[in-house]
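# Everything below, folded, please.
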Amino acid sequence: MSRTVVIIPTYNELENISILLDKIINLSFFFHVLVVDDSSPDGTAELVKEYSNKYKSRIFLESRIKKEGLGKAYTHGFYWALERDYDYIFEMDADLSHNPEDLVRMQKELDNSNCDVIIGSRYVNGINVVNWPLSRIILSYFASIYSRIITGLPVYDATSGFVGYKKEVLHKIDLKSILFNGYAYQIELKFKAFVNNFRILEIPIIFKDRIHGESKMSGDIIFEAIFGLIKLKILSYFYKKNKK
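I've put the predicted structure just below:
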């Protein structure tokens, strides 16, 4: 049977993480969970430790010394999962914006279809976003359009943080080469999977805005995404040239 782990980065998600972990534990598929916490001052890690003690073979915690951003947290989690030879590695948000039940659908696609990367997409079938302010919808939607124009990435929701990878994809990407840490991090992973000829599939999900806690979005993250993609595309030409 395939071994799958779901990586969840956290920073001050005390009000959400127990709800999320309970939902994943009760799914029909046996998922492992790795929470990567960036020293949340609100006690998130302490609560996850309680779950880890209760579900010793399913829930794991990696505590990092300081808050360094989403990308570095995910990369830390990816290395952890690859070292333990998981077959499938998922990433999802801790704020309940992603429905854990969709993990089962995404897992089945990785198991049964020809895809190597599965994306829970907000935009592949219209705009499926609930309770987001219009400004955030516009920003996210047009960021994905912009990424397709600049990089040629054939993905409707390039900034999605609800993604499953076969382990071969993350091995091939070379995580040490990742340039970005914020909004552009998600685009970069998908783009590098694409240029390495891995097969990407999007399935529609319904994305809900967080109820508890605060968004981690900032101006620096947006700036990185806008100008970083141009750099990413330019570097890809050198990558392709070296492969020949």
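
# what ranges do the helices span in the chain?
All helices of the chain, identified by DSSP state H, fall at 14-25, 44-54, 70-83, 102-112, 134-151, 167-173, 183-195, 219-243.

# Find the one among those with the highest mean neighbour count.
helix 183-195 (a mean of 24; mean count of other Cβ atoms under 10 Å). All C-beta spots, glycine's among them, are computed from the backbone N, C-alpha and C.

# got the contact list for N114?
N114 is in contact with R199, counting by Cβ atoms under 8 Å, 6 or more residues apart in numbering.

# Check the gap between H76 and I145 for me.
To I145, H76 is 31 Å away according to Cβ to Cβ, to the nearest Å.

# again but with I8, I slipped
28 Å.

# cool, S97 as well?
Look at S97 and I145: by Cβ to Cβ, they are 21 Å apart.

# next one: A193
For A193, the distance to I145 - Cβ to Cβ - is 19 Å.

# and if you look at E15?
Taking Cβ to Cβ as the measure, E15 falls 33 Å from I145.

# same check, this time on V163
19 Å.

# Output the below-cut-off pLDDT ranges for this protein.
1-2, 210-244 (pLDDT under 70).

# Wait, C115 touches E109, no?
Yes: between C115 and E109 there is a contact under Cβ atoms under 8 Å: 6.1 Å.

# shared neighbours, these two?
L201.

# Next, the contact list for the nearest residue to K23 once chain neighbours are set aside, please.
What sits nearest to K23 in space, not counting adjacent residues and going by Cβ to Cβ, 6 or more residues apart in numbering, is P100, at 4.2 Å. Counting by Cβ under 8 Å, 6+ apart, P100 touches L20, K23, I24, L27, M92.

# Any chance of CSV for the residues you listed, columns distance to L34?
Output for these, formatted as CSV (distance: Cβ to Cβ, whole Å):
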residue, distance to L34
L20, 13
K23, 16
I24, 11
L27, 16
M92, 11
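
# can you count the residues close to the nearest residue to P41 once chain neighbours are set aside?
Spatial nearest neighbour of P41, chain neighbours left out: N12 (6.9 Å); criterion: Cβ to Cβ, 6+ apart. N12 is flanked by 20 other residues according to other Cβ atoms under 10 Å.

# how much space between N12 and I137?
24 Å.

# now do T159
From T159 to I137 the distance is 12 Å (Cβ to Cβ).

# cool, S121 as well?
14 Å.

# Likewise for Y55?
36 Å.

# Spit out the contact partners of the closest residue to H32 other than its chain neighbours.
Using Cβ to Cβ, 6+ apart and skipping the chain neighbours, the partner closest in space to H32 is V5 (4.3 Å). V5 sits next to F31, H32, V33, L34, A81, R84, Y86, Y88, I89, F90 when contact means Cβ under 8 Å, 6+ apart.

# contacting residues for the closest residue to K166 other than its chain neighbours?
In space, and not counting its chain neighbours, K166 is closest to D116: 4.9 Å by Cβ to Cβ, 6+ apart. Applying Cβ under 8 Å, 6+ apart to D116 gives the contacts L110, Y165, K166, E168, V169, A193, F198, R199, I200.

# In this structure K167 contacts E83, no?
No: contact criterion Cβ under 8 Å: K167 and E83 do not qualify, at 10.8 Å.

# Ends of stretch 106-118, what's the gap?
6 Å (Cα to Cα, to the nearest Å).

# Hmm, I typed the wrong one, I wanted stretch 32-52.
11 Å.

# quick one: contacts of that stretch?
By Cβ under 8 Å, 6+ apart, stretch 32-52 touches 3-14, 17-18, 21, 24, 57-68, 73-74, 76-77, 80-81, 86, 94.
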